[in-house]
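# this is the structure alone, sequence omitted:
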Ligand SMILES: NC(=O)C1=CN([C@@H]2O[C@H](COP(=O)(O)OP(=O)(O)OC[C@H]3O[C@@H](n4cnc5c(N)ncnc54)[C@H](O)[C@@H]3O)[C@@H](O)[C@H]2O)C=CC1
Ligand SMILES: O=C(O)[C@@H]1CCC=N1
């Protein structure tokens, strides 16, 4: 397989992916082509050594991997544009577009094209993504290649394609949910006496410590919570107050709604 990658759609996730692959030395910037309709917005990427193009057909010409990273409502136009230029025996499609199945993509690109769906999150830019991948027709070699690609920029789990919208909600949207909870913690910190900058730093490190406790010790959140909640103590008082106000319930409901929405985006237009 050649090492050329073309990313169609250089927005938030397309650029995060490109930057992550370069940062972790999976690719050189010169092996990645980024496409966007308005190239005036790509001066930073040009300076970083990426190839840029506003012509998707030219941009995929010698790519081994074509990554689709446009919005669901922008995808049909892109697929129609590149359909006759894709070379199924030489090129693999990776789609990070939410709510669009491998079969939907093959409907436009042809049945012999191998398509792998990937759902990363924006932490891919710093090599810390949780990426779920799925395919209904890719061969083992391509699945291994794509697993290796995403493993250089975070953790990878292979799932059934019908769980892809759930993965979108839990992992891709999830970045925003955890960020908002860190922001809320820092706002609480300001109310109890810290300057905003210090409160945010303290909240971020505390969140990182909580995540690392689970990752490194392989423990369960409730087991770790039990270690913090002293009898009649201040932690259980705060935690129960949050639960009385629907903390877990709000999180669960948000994830369920995001999953519903993620599944419907392509059809809604
Ligand atoms: N932002 C995120 O955290 C994640 C997004 N996704 C998925 O990735 C896709 C992109 O999302 P974002 O990056 O957030 O959106 P975005 O709006 O930031 O990026 C889309 C990019 O595609 C470009 N574009 C539109 N039409 C084009 C065309 N015909 N040719 C070339 N470029 C074109 C736009 O100019 C824009 O730069 C969506 O389908 C989304 O569901 C998946 C995982 C995480
Ligand atoms: O909000 C969205 O629709 C995209 C998909 C997952 C993360 N961002």
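Okay, I see it. Since this is a predicted model, take the numbers as computed values, not measurements. Ligands and ions are numbered 1, 2, ... in the order given.
# what sits against the residue of the stretch 51-200 of the chain at minimum distance from ligand 2?
Using Cβ to the nearest ligand atom, the point where the stretch 51-200 of the chain gets nearest to ligand 2 is residue 172, with a distance of 3.5 Å. Bear in mind the C-beta positions are built from the backbone N, C-alpha and C, glycine included. Neighbour list for residue 172: 98, 119-121 [criterion: Cβ atoms under 8 Å, 6 or more residues apart in numbering].
# strands of this protein, residue ranges please.
For the chain, the strands defined by DSSP state E occupy 5-8, 32-35, 51-53, 65-68, 92-95, 115-119, 129-134, 154-158.
# flag every residue of the stretch 101-250 of the chain that's near ligand 1.
For the stretch 101-250 of the chain, the residues in contact with ligand 1 under the definition Cβ under 6 Å from any ligand atom are 119-122, 172.
# reformat the strands of the chain as CSV; add mean pLDDT and mean neighbour count.
Listed next are the strands of the chain as CSV, based on pLDDT from 0 to 100; neighbours: other Cβ atoms under 10 Å:
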stretch, mean pLDDT, mean neighbour count
strand 5-8, 98, 26
strand 32-35, 98, 26
strand 51-53, 98, 17
strand 65-68, 98, 25
strand 92-95, 98, 26
strand 115-119, 98, 27
strand 129-134, 98, 24
strand 154-158, 98, 16
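# tabulate those in a markdown table, adding columns for distance to residue 185.
Listed next are the strands of the chain as a markdown table, based on distance: least, Cβ to Cβ, whole Å:
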| stretch | distance to residue 185 |
| --- | --- |
| strand 5-8 | 34 |
| strand 32-35 | 36 |
| strand 51-53 | 39 |
| strand 65-68 | 35 |
| strand 92-95 | 35 |
| strand 115-119 | 27 |
| strand 129-134 | 21 |
| strand 154-158 | 24 |
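# quick one: closest of these to residue 232.
Relative to residue 232, the nearest member of those by Cβ to Cβ is strand 129-134, separated by 37.2 Å.
# sheet partners, orientation included, of the closest one?
Strand 129-134 pairs in its sheet with strand 115-119 (antiparallel), strand 154-158 (parallel), by DSSP bridges.
# do the first one and ligand 2 come into contact?
No: using Cβ under 6 Å from any ligand atom, we find that strand 115-119 stays clear of ligand 2, coming within 7.4 Å at best.
# for the residue in the stretch 1-150 of the chain that ligand 1 sits nearest to, which residues are in contact?
Nearest to ligand 1, among the residues of the stretch 1-150 of the chain, is residue 11, at 1.7 Å (Cβ to the nearest ligand atom). Residues near residue 11 by Cβ under 8 Å, 6+ apart: 36, 69-71.
# repeat the analysis, applying 7 Å as the threshold.
By Cβ atoms under 7 Å, 6 or more residues apart in numbering, residue 11 lies in contact with residue 69.
# find the nearest non-adjacent residue to residue 160, please.
Computed as Cβ to Cβ, 6 or more residues apart in numbering, the closest residue to residue 160 that is not its neighbour in sequence is residue 134, at 6.3 Å.
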